[in-house]
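Peer 1: Any chance you can model this:
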Amino acid sequence: MERAGDGLPEILPASNRVGGNAMDETQNAALLVVDVQQGLLDKGPFEKERLAETIGRLLGEFRREQKPVLFVRHDDGPGTELAAGAPGWEIAREVSPLKGEKIFDKRFNSAFLETGLEEYLGEAGIKTLVVAGLQTEYCIDATVKSAFERGFKVLLPKGGITTFDNGSFSAAQINRFYYESIWRGRYGEILEGAGV
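Peer 2: Here you go, the predicted structure:
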C-alpha cells in the first residue's frame, strides 16, 4: 500500500488519515518509539536494519499526517552506557527526533511509570498508540501491557520491534513468541500487511 510518488508505505488506512472518518479510533493515534538509543543499536539487535527502516517509515507517515511522534528514552543509572547524558543514552541517529517532538525519560521498563506520558496522552486526546522499538521482552512488553490496561488501542508493527539473542532463546524466537502468543488478540493488533 504505497502512495504514488513517495515510495513509502501507508501504515494507517486512508480512512484514518487527517480528513478521513473522524469517528475512527486511529484518527487520534500517536507513534511511540521506545528505547531506540544509540547504545542499544550499537550492540546490533536482531534485524537492526529492518528495525531502523520500519521506524523510519512510521516516522515519515506520522510526520506527513501531522500525528504526534513521541520518543521514550531509558536511563539505566550512573555508570551504565544508558546513563543520562552518556553517548549511548541519546536517541539513535537513525531515528532522531525533530525539533518539538516530545521525549519522555524513564527509569523503569514501562514507558508509563513516572514519566508523565499518560497525562500527556490524555491531554492530547490520544486513544491509539503505534508502539515500536526495543527490547521486545522488556520495555516493549511492559509498555504494551501498561497501555492496554489504561484503555489505549495498541498497534504493533512487524519489523518495528526487536531484541537480542539471550542464553535461552534467539531474538527471532522471542519476537515470534511475543507477537503471536502474548500480544496478538490480547493486548494489541499486529500490523503486518501495511507494507512494513
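Peer 1: doesn't I190 fall inside a strand?
Peer 2: Yes - judged by DSSP: H, G, I helix; E, B strand; the rest coil, I190 forms part of a strand.
Peer 1: So which elements touch the longest helix seen in the chain?
Peer 2: In the chain, taking DSSP state H as the definition, the longest helix is helix 48-64. Helix 48-64 is packed against strand 29-34, strand 69-74, strand 128-134, strand 161-162, with contacts defined by 3 or more Cβ pairs under 8 Å, 6 or more residues apart in numbering; DSSP states H and E. C-beta here means a position set from N, CA and C on the backbone, and glycine is covered the same way.
Peer 1: Give me the distance from the third one to the chain's centre.
Peer 2: Translated: strand 128-134. 3 Å (Cα atoms, centre = their mean, to the nearest Å).
Peer 1: Give me the most central residue, the chain.
Peer 2: Residue closest to the mean C-alpha point of the chain, counted by Cα atoms, centre = their mean, is A132 at 2.1 Å.
Peer 1: Now do the longest helix of the chain, average pLDDT.
Peer 2: Average pLDDT, helix 48-64: 97.
Peer 1: ditto for stretch 105-125
Peer 2: 98.
Peer 1: try stretch 183-196
Peer 2: 80.
Peer 1: do stretch 155-168 as well
Peer 2: Mean predicted lDDT for stretch 155-168 stands at 97.
Peer 1: wait, what's in contact with I140?
Peer 2: 34, 131, 133-134, 161, 178 (Cβ atoms under 8 Å, 6 or more residues apart in numbering).
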